[in-house]
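Peer 1: model this:
(chains A and B)
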Amino acid sequence: MLKIDNLANEVAGKPILKGLSLTINAGEIHAIMGPNGAGKSTLAYTLGGRPGYEVTGGSVDFEGADLLAMEPHERAAAGLFLGFQYPVEIPGVSNVQFLREALNAQRKSRGEAPLSGGEFLKLAKEKAGLLRMDMEMLKRPVNVGFSGGEKKRAEMVQMGILDPRLAILDETDSGLDIDALRICGEGINAIMRKPDKAVLLITHYQRLLDYVKPDFVHVLVGGRIVRSGGAELALELEENGYEAVAA
Amino acid sequence: MTVATLPTRRDEAYRYADLAALEALWPLPAERIVLGVGEEGAKAIVVDAAGPQARDIEIVLGEGASYDLRVLNAARAYGRVAVRVTLGKGANFHFGAAQLAGGDQTLEIVTEVVHAEPDATSHQVVRSVLAGHSTGTYLGRVVVDRGAIGTDGEQSIRAMLLDRTATANARPELEIYADDVKCAHGCAVGELSAEGLFYLQSRGLPPAEAKKLMLQAFIAEAFVGAAEEERLTQAAIAALEGLL
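Peer 2: Residues are numbered from 1 along each chain as shown, chains lettered A, B, ... in the order given. Take a look at the predicted model:
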C-alpha cells in the first residue's frame, strides 16, 4: 500500500529525514517510536504534503501512485489521512460543514456522488458515537474550545467519516487521559483494523499500543529507521529506553 | 456629510477615495433615515455594481430608537459607503459590514457615529478581504459629546490580505468629551493561517475551497443576526468566489 524508499528531506534548510525506508501492506498496523527530534512528526507532515517540508531524495509510492507529486487534498482523496499531533482550531467553521465539504470534495474527485445533508449527518452521528462524542460538539467550530482529549477524539471522528485507506496518526495518544486513550484506541481499531486498510502510528509511548496492537514496530533515530521488530520491540523500548535499543 | 464641491485628498474622509470615480458620481444623492422615539429599523445594502458606486447615508436616532445597518461592499470598480449616525438618549446602532475586493478595486467604508446624549450604544463590525492590487479602507470615528455619559461604543475592525500586493487602511478613531463612558476598538490586518489551510486541505478540500471556507467564517461576524443574513451571506460567497 505504501512504499517509502530512501526518503530524505529538509525543513528550513536543515536535513531531518536521512534515507528512511518503510513498506506498509494492507491489513497491517505499524508503529514508529523514537526520541524527540528523531523526525517522527516530520515524516508524518512530509507524507501529508505540508508546505515547507522539502523532499530532497527518495520516493514514496502509495497504491501505485507517486504520493510526493500530489497536492495535500489529492493525497486525502487518494485515501491518506493524517491525524495531527496538534489539531488546528478553525474559528467560525463548524465541524459538520467542514467535514461534509471535505468528504464531498474527496468523493467528487473519485467520481462518486455527493452525500446529502441528511446522509452526512447520519454518517457523522454513527462515527461520533464510536468515539463517544456528542453531536452537539460537531456543530461547534473546528477544535475551538476543545480540550486536548476532545481534539484527539474529534480527529478520530474525522477519520471515521472520511474512511481512509491509510491513516498516519501523529502522537494521537499525547494529551489523553486514561479513558480517552482507551476510547481513541478502540476507535482506531473499529475504523481502521480491516484487511484493506493500514495504519502508521507515531508515538513516544507503549501505552497506546496496549489498545492498538501493532504488527510491526520501528525505531526512528536521527532521520532513519535503525531497528524494526514485532510488538515486543515496543516493550523492550519501554524497559530499556531508546539509547540502549538503538545502539 | 454631503458637500457641494468635490472633496480633495486633504479631506480626511476622502483621503483614500478614488476621486476620479467619485467625480462622475458627484454630487451624491443624500439619503436620510430618521427614527423617532423608541422606533426600530433595519437595512441591508449590497453594493455590487459593475461601475463606480457611492452611498452617503445619514441616520438620526431618537430616544431609545434602534437601527441595524448591514453593508456588503463588493463593487467591481469603486465602492464607497459613508454613514453618519447621531444617537439620541439610550439609542442603539448596530453596523456590520464586509468588503471584498480584488484586481485594482478601491473599496471604502467611512463611518461617523456621534453619541450626542447619554446611555446610547453603538457596535461596529467591519471585515475586509483584499486580493490582487486592491485597496480596502475603513475610516471610523466615534464621537462622544459632552454630557453623553453611559455611552458604550465598540469597533471591531479586521482585514485579511490574500496577496501581499493588496492594501488595507484601517483607522478607528475615538473622540471623547464625556466621563464615565465605555469605548473599545480593536483593529487587525492579517493573512490566512497557513497552518489552518494545510489542515483543511489535508482533509480533502482543494486550496480554493479551503480558503473560501476560512474567509466565509472570517466575514460571518459582520452579518450574524441580520434579518437578511442568508441573502448577504450568499452574495458575499459569490463575491469571494470571484476573488479566489
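Peer 1: distance of residue B:89 from residue B:83?
Peer 2: Separation of residue B:89 from residue B:83 (Cβ to Cβ, to the nearest Å) stands at 20 Å. In short, each C-beta sits where N, CA and C put it, glycine included.
Peer 1: repeat for residue A:143
Peer 2: Computed with Cβ to Cβ, the distance linking residue A:143 and residue B:83 is 37 Å.
Peer 1: Which one's more surrounded, those two?
Peer 2: Neighbour count, other Cβ atoms under 10 Å in any protein chain shown: between residue A:143 and residue B:83, residue B:83 has more, with 25 against 20.
Peer 1: ok, the more buried one to residue B:205 distance?
Peer 2: Counting by Cβ to Cβ, the gap from residue B:83 to residue B:205 is 36 Å.
Peer 1: cool, and residue B:170?
Peer 2: Relative to residue B:205, and taking Cβ to Cβ, residue B:170 is found at 29 Å.
Peer 1: Neighbour count: these two, which is higher?
Peer 2: Remark: of residue B:170 and residue B:205, residue B:205 carries more neighbours, 26 against 19, as counted by other Cβ under 10 Å.
Peer 1: got the contact list for that one?
Peer 2: Taking Cβ atoms under 8 Å, 6 or more residues apart in numbering or on different chains, we find residue B:205 in contact with A:73, A:98, A:101-102, A:105, B:213.
Peer 1: Can you tell me which of those residues end up in helices?
Peer 2: Of those, the ones assigned to helices by DSSP state H are A:73, A:98, A:101-102, A:105, B:213.
Peer 1: quick one: which of these is most hemmed in?
Peer 2: Neighbour counts for these (other Cβ under 10 Å) peak at residue A:102, which has 25 neighbours.
Peer 1: That one contacts residue A:77, correct?
Peer 2: No. Using Cβ atoms under 8 Å, residue A:102 is not in contact with residue A:77; the gap is 9.7 Å.
Peer 1: can you list residues touching both of these two?
Peer 2: Jointly contacting residue A:102 and residue A:77 under the rule Cβ under 8 Å, 6+ apart are residue B:204.
Peer 1: Could you report the neighbour count for residue A:96?
Peer 2: 18.
Peer 1: can I get the CA coordinates of the helix or strand harbouring it in PDB?
Peer 2: Assigned by DSSP states H and E, residue A:96 falls within helix A:95-109. C-alpha atoms of helix A:95-109 as PDB (Å, rounded to 0.1, in the frame of the first residue of the first chain):
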ATOM      1  CA  ASN A  95     -17.100  20.600  12.100                       C
ATOM      2  CA  VAL A  96     -20.200  19.400  10.300                       C
ATOM      3  CA  GLN A  97     -19.900  22.000   7.500                       C
ATOM      4  CA  PHE A  98     -16.200  21.400   7.100                       C
ATOM      5  CA  LEU A  99     -16.300  17.600   7.100                       C
ATOM      6  CA  ARG A 100     -19.200  17.400   4.700                       C
ATOM      7  CA  GLU A 101     -17.500  19.700   2.300                       C
ATOM      8  CA  ALA A 102     -14.200  17.800   2.700                       C
ATOM      9  CA  LEU A 103     -15.900  14.400   2.300                       C
ATOM     10  CA  ASN A 104     -17.800  15.600  -0.800                       C
ATOM     11  CA  ALA A 105     -14.700  17.100  -2.300                       C
ATOM     12  CA  GLN A 106     -13.000  13.800  -1.900                       C
ATOM     13  CA  ARG A 107     -16.000  11.900  -3.400                       C
ATOM     14  CA  LYS A 108     -16.200  14.300  -6.300                       C
ATOM     15  CA  SER A 109     -12.500  13.800  -7.200                       C
END
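Peer 1: What's the first helix or strand after it?
Peer 2: Counting by DSSP H and E, what follows helix A:95-109 is helix A:117-130.
Peer 1: now the closest residue to chain B within chain A: how far from residue B:196?
Peer 2: Distances between chain A and chain B by Cβ to the nearest Cβ are smallest at residue A:92, namely 2.7 Å. Using Cβ to Cβ, residue A:92 is found at 11 Å from residue B:196.
Peer 1: now residue A:28
Peer 2: Residue A:28 sits 32 Å away from residue B:196, going by Cβ to Cβ.
Peer 1: Those two - which one has more neighbours?
Peer 2: Between residue A:28 and residue B:196, counted using other Cβ under 10 Å, the more crowded position is residue B:196 (20 against 16).
Peer 1: so is residue B:82 in a helix, a strand, or just coil?
Peer 2: Put simply, residue B:82 is strand when judged by DSSP: H, G, I helix; E, B strand; the rest coil.
Peer 1: What pLDDT does the model give it?
Peer 2: Note for residue B:82: predicted pLDDT of 97.
Peer 1: Verify the stated contact: it with residue B:12.
Peer 2: No. Judged on Cβ under 8 Å, residue B:82 makes no contact with residue B:12 at a distance of 12.0 Å.
Peer 1: Which one's more surrounded, the two?
Peer 2: residue B:82 (22 against 13).
Peer 1: how about that one, what does it touch?
Peer 2: Counting by Cβ under 8 Å, 6+ apart, residue B:82 has contacts B:1, B:13, B:54-57, B:109-111.
Peer 1: Could you tell me which of those are located in helices?
Peer 2: Using DSSP H, no member of the contacts of residue B:82 sits in helices.
Peer 1: Drop anything exposed from those residues.
Peer 2: For the contacts of residue B:82, a burial check counting by 16 or more other Cβ atoms under 10 Å in any protein chain shown picks out B:13, B:54-57, B:109-111.
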